[in-house]
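>>> how does the following fold in three dimensions:
(one chain, ligands or ions: 1)
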Amino acid sequence: MTIVRGTVVTMNPRREIINDGAVVISGDTIAAVGSFAEIRTAHPDETVSGQAGDLVLPGYVNGHQHLTGDRLIQSSIPDDLPPGEAIFSWVVPVHGEHSGDDDELAATLTLAEALSNGITTIFEAGTVAHPDRVVAAAQSVGARVTVGTWGWDVDEGPYAGTVDEVIDRQRSALDLQGGPLVSTWVSLVGHDLMSDELVVAASELARSRGVGMTFHLSPTSSDVDSYLARTGKRPLVHLSALGVLGPHVAVAHGVHIDTQEVAVLVDSGAAVVSCPWAYLRLGQGLTREFRHLDLWREGGRLALGCDAENAGDMVDGIRTAALFAGVAKDAAVDPTVFGAHDALELLTIAGAEALGMAEQIGSLEVGKQADIVVHDRSRIEWVPPSPDPVLQLIWGSDGRSVRDVYVAGEPVVTDGRVRTVDVDALAAEARRAGRSLRTRSGVEAVSRWPIR
Ligand SMILES: [Zn+2]
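Numbers count the residues shown, from 1 in each chain. All right, here's what the predicted structure looks like:
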């Protein structure tokens, strides 16, 4: 057993915060939550980690993260490209050139960064080439990860195929075994890069296997235009008519949706994963079409994501939650509608609920998995501490103050260092792999300003 001490933000149904509290880890689960004094009396001989001033929270949930493709060329794709070019001229060819080693290395680095910023659960957006190697990375890093493989039945593109071929590939990905922390789901590219036949078959596969399903949709208005032209309906209205949507579905983005599509999402129970930094980095219109707030107000299911290292770049849930809260207030021109506490819910318990994992994670409650984040409040940004630690967490801090992280009771970050992989030892390999990928895929990454 280990006792983790600090101010405990439980995220339990009453949203209790316990000053000088503690969480007891037993094996992979939470055995007790309470005041440190009570817990110390009950467990006088157990090891205590941390101190009264620390801030202890449930691990953060990242609902949409590319673990491959962008990482080895992170922050290399220019931020002034026309719409779509970052994906089709850069990300797709880079994905197409990934070796198995590249996929595993990229996923290892992204997951290590996620853990170091307190993100313990990551829903992968889909590995194009070697999902088995991403599973291997998840196992070695010790994060809780849901892995998928990209499926698309377009004419040309890496690993594209017929409906039957794509479904076979999805089936093989669902069969991957990665131990208790790794699960799999159905993941299509989405957009207008999936036929009706494919998306229907994929949704049936997910339902029959009892797993989730994700795809990209409507980060810009271009999916709206193409669905209207092809089907006469807006994308989510069309997918609803096909019977695709349900509580098993997580739609990545859903930025350009209308009132009817919000209703379709709420009625079907399908979730949306909002990745606000990506929309801003790519200039996709979030500040004009902030329907995610409408979805939230209507009781829809919503989670946050960090997307990709050339679309939001940093894998930091606190930073993402703060941006979402700020955009919500600003888009509504009303500071009262949404705030730090709502944003922290999306990053923890509400995000876990949206993605079907609230039974296991998302709050610090007895019987749940011991996924725990500890922020060091001796750092300058926390001095002096606010009486409302959630306000300060979201508006005044970020992942830099994460000191210790546990996943299923295992310490994976201690004193700010990832324990499970030697990140320093991977640095040289990451530089070499990034250079090689750029050359093989023919993408030219240069500095806009001259470097002497
Ligand atoms: Zn994505």
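>>> which residues in the stretch 351-452 of the chain form helices?
Secondary structure of the stretch 351-452 of the chain (DSSP state H, counting those that start in this stretch): helices at 389-396, 423-441.
>>> tell me which of these sits nearest to Val182.
Nearest of the helices of the stretch 351-452 of the chain to Val182, taken as CB to CB: helix 423-441 at 20.2 Å. Quick note: C-beta positions are derived from backbone N, CA and C, even for glycine.
>>> turn the helices of the stretch 351-452 of the chain into TSV, including distance to Gln170 and mean neighbour count.
As requested, these are exported to TSV (distance: least, CB to CB, whole Å; neighbours: other CB atoms under 10 Å):
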stretch	distance to Gln170	mean neighbour count
helix 389-396	37	20
helix 423-441	25	14
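>>> which one of those lies nearest to Tyr159?
The nearest among these, by CB to CB, is helix 423-441 at 14.5 Å.
>>> just the CA atoms of that closest one, as CSV, please.
Output of helix 423-441 as CSV, limited to C-alpha atoms (Å, rounded to 0.1, in the frame of the first residue of the first chain):
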residue,chain,number,x,y,z
VAL,A,423,13.4,9.6,-22.4
ASP,A,424,17.0,11.0,-22.5
ALA,A,425,18.2,7.9,-24.1
LEU,A,426,15.5,8.2,-26.8
ALA,A,427,16.4,11.7,-27.8
ALA,A,428,19.2,10.9,-30.3
GLU,A,429,17.1,8.2,-31.9
ALA,A,430,14.1,10.5,-32.2
ARG,A,431,16.3,13.1,-34.0
ARG,A,432,17.6,10.5,-36.4
ALA,A,433,14.2,9.0,-37.0
GLY,A,434,12.6,12.4,-37.6
ARG,A,435,15.2,13.3,-40.2
SER,A,436,14.9,10.0,-41.9
LEU,A,437,11.1,10.2,-42.0
ARG,A,438,11.3,13.7,-43.5
THR,A,439,13.6,12.5,-46.3
ARG,A,440,11.7,9.3,-47.1
SER,A,441,8.3,11.0,-47.2
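>>> just checking, what packs against it?
Helices and strands touching helix 423-441, by 3 or more CB pairs under 8 Å, 6 or more residues apart in numbering; DSSP states H and E, are helix 92-97, helix 100-116.
>>> any buried residues in the first one, and which?
Think helix 92-97. Neighbour-count burial for helix 92-97 flags 92-95, 97 (criterion: 16 or more other CB atoms under 10 Å).
>>> OK, contacts around Gly63?
Counting by CB atoms under 8 Å, 6 or more residues apart in numbering, Gly63 makes contact with 123, 250, 271, 273, 303-305, 351, 354-355.
>>> before we move on, what about Gly339?
By CB under 8 Å, 6+ apart, the contact set of Gly339 is 325, 329.
>>> next, the buried residues of the helix or strand that contains Val200.
Assigned by DSSP states H and E, Val200 falls within helix 196-209. For helix 196-209, burial by neighbour count (16+ other CB under 10 Å) applies to 198-203, 205-207, 209.
>>> stretch 29-38 too?
30-34, 36.
>>> using a markdown table, lay out these together with secondary structure.
A markdown table is the format used below for the buried residues of stretch 29-38 (DSSP: H, G, I helix; E, B strand; the rest coil):
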| residue | secondary structure |
| --- | --- |
| Ile30 | strand |
| Ala31 | strand |
| Ala32 | strand |
| Val33 | strand |
| Gly34 | strand |
| Phe36 | helix |
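>>> and which of those is nearest to Met1?
Proximity of the buried residues of stretch 29-38 to Met1 (CB to CB) peaks at Ala31, which lies at 6.8 Å.
>>> need the contact partners of the helix holding Val200.
Counting by CB under 8 Å, 6+ apart, 151-153, 163, 166-167, 170-171, 174, 185-186, 188, 194, 212-213, 215, 239, 242-246, 248-249 sit against helix 196-209.
>>> now, of the residues you listed, which are buried?
So, by 16+ other CB under 10 Å, the buried ones in those are 151-153, 163, 166-167, 170, 174, 185-186, 188, 194, 212-213, 215, 239, 244-245, 248-249.
>>> from these, which land in helices?
Taking DSSP state H, the ones among the buried ones among the contacts of helix 196-209 that sit in helices are 163, 166-167, 170, 174, 239.
>>> tell me where the stretch 301-450 of the chain has strands.
Listed in chain order, the strands of the stretch 301-450 of the chain (DSSP state E, counting those that start in this stretch) span 301-304, 372-375, 402-407, 410-414, 417-418.
>>> most packed of these?
Neighbour counts (mean count of other CB atoms under 10 Å) averaged over each of these peak at strand 372-375, with a mean of 28.
>>> does Thr420 touch Ala137 like I think?
No - look at Thr420 against Ala137 with CB atoms under 8 Å: they stay out of range, at 10.5 Å.
>>> hang on, Thr121 in a strand?
Yes - under three-state DSSP, Thr121 falls within a strand.
>>> from now on call the first residue 338
Sure, I'll start counting at 338 from here, so that last one is Thr458.
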